[in-house]
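Trainee: build me a model:
(4 chains)
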There are 2 protein chains.
Amino acid sequence: MRASDRAYAALREDIIEWRLRPGTLLAEVEQSERLGVSRTPLREALGRLTSEGLTTAASGRGVVVTDISLEDIDELFELRETLEGRAAALAAERGDPRHFLQLHRELLAAPALLSGDDPARHGYYRLVERLDAAIDAAISNAYMAQAMGSLRVHLVRIRRLAADDTARLTAAASEHAVIAEAIAARNPRLAQAATTVHLHRSLSHVKATHTPHEKERHG
Amino acid sequence: MRASDRAYAALREDIIEWRLRPGTLLAEVEQSERLGVSRTPLREALGRLTSEGLTTAASGRGVVVTDISLEDIDELFELRETLEGRAAALAAERGDPRHFLQLHRELLAAPALLSGDDPARHGYYRLVERLDAAIDAAISNAYMAQAMGSLRVHLVRIRRLAADDTARLTAAASEHAVIAEAIAARNPRLAQAATTVHLHRSLSHVKATHTPHEKERHG
DNA sequence: AAGCCAATCCTTGTATACAGTGGAGTTCGA
DNA sequence: TCGAACTCCACTGTATACAAGGATTGGCTT
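Mentor: Numbering: from 1, shown residues only, chains lettered A, B, ... in the order given. Coordinates of the predicted model:
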């Protein structure tokens, strides 16, 4: 694996996992020494992060980790509703019903994944990722897939802000199940509506859990 | 201006203007000599182009100019309809009607821009860009603006494929005028519908003019 | 004392040298 | 004659040295 890939992956995970908090200045020499690569591949990694929006170029000082506020979350979900709503509708038109029926069944059984001893909820999130991937594959539109992919980077970052308690994840699983069912039934309008409902409930949850911490300072 | 910016701008324009055709291999030394910069800034430029999708990394050989086929155009317009349709609706909800009324008036007068001696249609395209910018500003959503911006890069590239004759541009101007009027009237559904109509007619025109040349080879 | 200017330092931006890997071409064997 | 393997070359990937620019801090002036 290339050194620039390692630096990119390490920095990306540090930002997503909030080990590098918004506003943190990433100086080239500092980070290159920390990650054990030279400045050249590190610069490439920073360039990729900046193009994704995870970092912002600060003229003359370096790059800083991009801030993500409540306003950003509203904007992010507005775009998300636009893209994922349409994606669900297109998947309903084009997808293989059997595939989504299978995902529907697994999503109905998701509470079992949440009750077990899996604090990081890997099993659950993996199932949701499979639904996303199935929708991506069904619509077979590279441009749309790329647009949604660049969105998901920021969403994973937000996930860390929300207290994803078992109650919310159980509800989310059933919302996902409705989406999968609508796609399997080849009902585009229902699939889009179910996606809209799910996203609004997710957003409400994030804002409800995050607002109390709003006053804490960062930097 | 930085050398990497110059290299980026030069390569980007070469690709958009079809001076560098799809499939062309961009070797680092070759391009760095041609553009008069060293390999380091050139690599940064290539990285940016690749993240935008204008070039694709070919393992071990370098980067090649991304192909853009008729299928791509369908996919591109599918995403475009999703994003721009929603953007028009949001602009109708949030924009300043006076601003869009002004654009509406100018778009009605657009045929005058097309009849004059301006072979590159700069005046016309500038007016359309102002409408795009006004919609962007009205929705005030950085994520959505970025998504639409990355789309427009590819659209400019396609524009070169279509024979933008005066007849089509005159029709397009009147379609744009309808969109501006709907936004000014604060009618989101009409704005979205007008955008859908406009994009479908644009797509039909592109496909009608491009299909005859489909068989020509490139590389 | 406050504001402005200048100088210095730290930072990014660029060039180039070097290493490693992948590909293509050629040659040998079946 | 065709296929496969090996070798060589060219290209990318990385490191480092150097240059240039901006920001910050100190001193000077008002």
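Trainee: pretty sure A:Met148 is touching A:Gly85, no?
Mentor: No - assessed by Cβ atoms under 8 Å, A:Met148 is found out of contact with A:Gly85, at 11.3 Å. For every residue, glycine as well, the C-beta is placed using N, CA and C.
Trainee: more neighbours: which of those two?
Mentor: A:Met148 (23 against 20; other Cβ atoms under 10 Å in any protein chain shown).
Trainee: which SSE is immediately downstream of the helix or strand of chain A with the lowest mean pLDDT?
Mentor: Within chain A, confidence by mean pLDDT, DSSP states H and E is lowest for helix A:110-115 among all helices and strands, at a mean of 84. Reading on from helix A:110-115 to the C-terminus, the next helix or strand found by DSSP states H and E is helix A:122-139.
Trainee: quick one: contacts of the helix or strand hosting A:Lys207?
Mentor: A:Lys207 belongs to helix A:188-210 when assigned by DSSP H and E. For helix A:188-210, the surrounding residues in contact (Cβ atoms under 8 Å, 6 or more residues apart in numbering or on different chains) are A:70, A:73-74, A:77, A:80-81, A:84-93, A:158, A:161-163, A:168, A:171-172, A:175-176, A:178-179, A:182-183.
Trainee: I'd like to know which of those are buried.
Mentor: Among these, those buried by neighbour count (16 or more other Cβ atoms under 10 Å in any protein chain shown) are A:73, A:77, A:80-81, A:84-92, A:158, A:161-162, A:168, A:172, A:175-176, A:178-179, A:182-183.
Trainee: pretty sure A:Thr56 is in a helix, no?
Mentor: No - A:Thr56 sits outside any helix when classified using DSSP: H, G, I helix; E, B strand; the rest coil, being strand.
Trainee: that one - how many residues pack around it?
Mentor: Neighbour number of A:Thr56 under other Cβ under 10 Å is 14.
Trainee: apart from its chain neighbours, what residue comes closest to it?
Mentor: A:Thr66 (5.0 Å; Cβ to Cβ, 6 or more residues apart in numbering or on different chains).
Trainee: what's the answer for A:Leu20, then?
Mentor: The nearest residue in space to A:Leu20 (Cβ to Cβ, 6+ apart) is A:Asp14, at 4.4 Å.
Trainee: same question for A:Leu103.
Mentor: A:Ala180 (4.6 Å).
Trainee: against B:Arg61, how distant is the one you found?
Mentor: Remark: distance between A:Ala180 and B:Arg61 (Cβ to Cβ, to the nearest Å) = 41 Å.
Trainee: which of the two has more neighbours?
Mentor: Higher neighbour count among A:Ala180 and B:Arg61: A:Ala180, with 28 against 10, using other Cβ under 10 Å.
Trainee: is it true that that one touches A:Phe100?
Mentor: Yes - between A:Ala180 and A:Phe100 there is a contact under Cβ under 8 Å: 4.9 Å.
Trainee: so A:Leu101 makes contact with A:Arg186?
Mentor: No - the pair A:Leu101 and A:Arg186 does not pass the contact test of Cβ under 8 Å, sitting 11.0 Å apart.
Trainee: which ones are touching A:Ser140?
Mentor: With Cβ under 8 Å, 6+ apart, A:Ser140 has these contacts: A:Arg94.
Trainee: how close does it sit to B:Gly36?
Mentor: Taking Cβ to Cβ, one finds A:Ser140 at 42 Å from B:Gly36.
Trainee: over to A:Met1?
Mentor: A:Met1 is 33 Å from B:Gly36, by Cβ to Cβ.
Trainee: neighbour-wise, which of those two wins?
Mentor: B:Gly36 (11 against 6).
Trainee: from B:Ser4, how far off is that one?
Mentor: 12 Å.
Trainee: measure how buried A:Arg130 is and give me the count.
Mentor: The number of residues near A:Arg130, taken as other Cβ under 10 Å, comes to 15.
Trainee: what's the nearest residue to it if we skip its chain neighbours?
Mentor: Per Cβ to Cβ, 6+ apart, closest to A:Arg130 is A:Leu103, 6.6 Å.
Trainee: can you get me a residue count around the one you found?
Mentor: Other residues close to A:Leu103 by other Cβ under 10 Å number 24.
Trainee: and it, which helix or strand is it part of?
Mentor: helix A:97-108.
Trainee: do you know how far the closest residue to A:Ala89 other than its chain neighbours is from A:Asp132?
Mentor: Nearest non-adjacent residue to A:Ala89, counting by Cβ to Cβ, 6+ apart: A:Pro188, 3.9 Å away. As judged by Cβ to Cβ, A:Pro188 and A:Asp132 stand 18 Å apart.
Trainee: list the contacts of A:Leu83.
Mentor: A:144, A:147-148, A:151, B:82-83, B:147.
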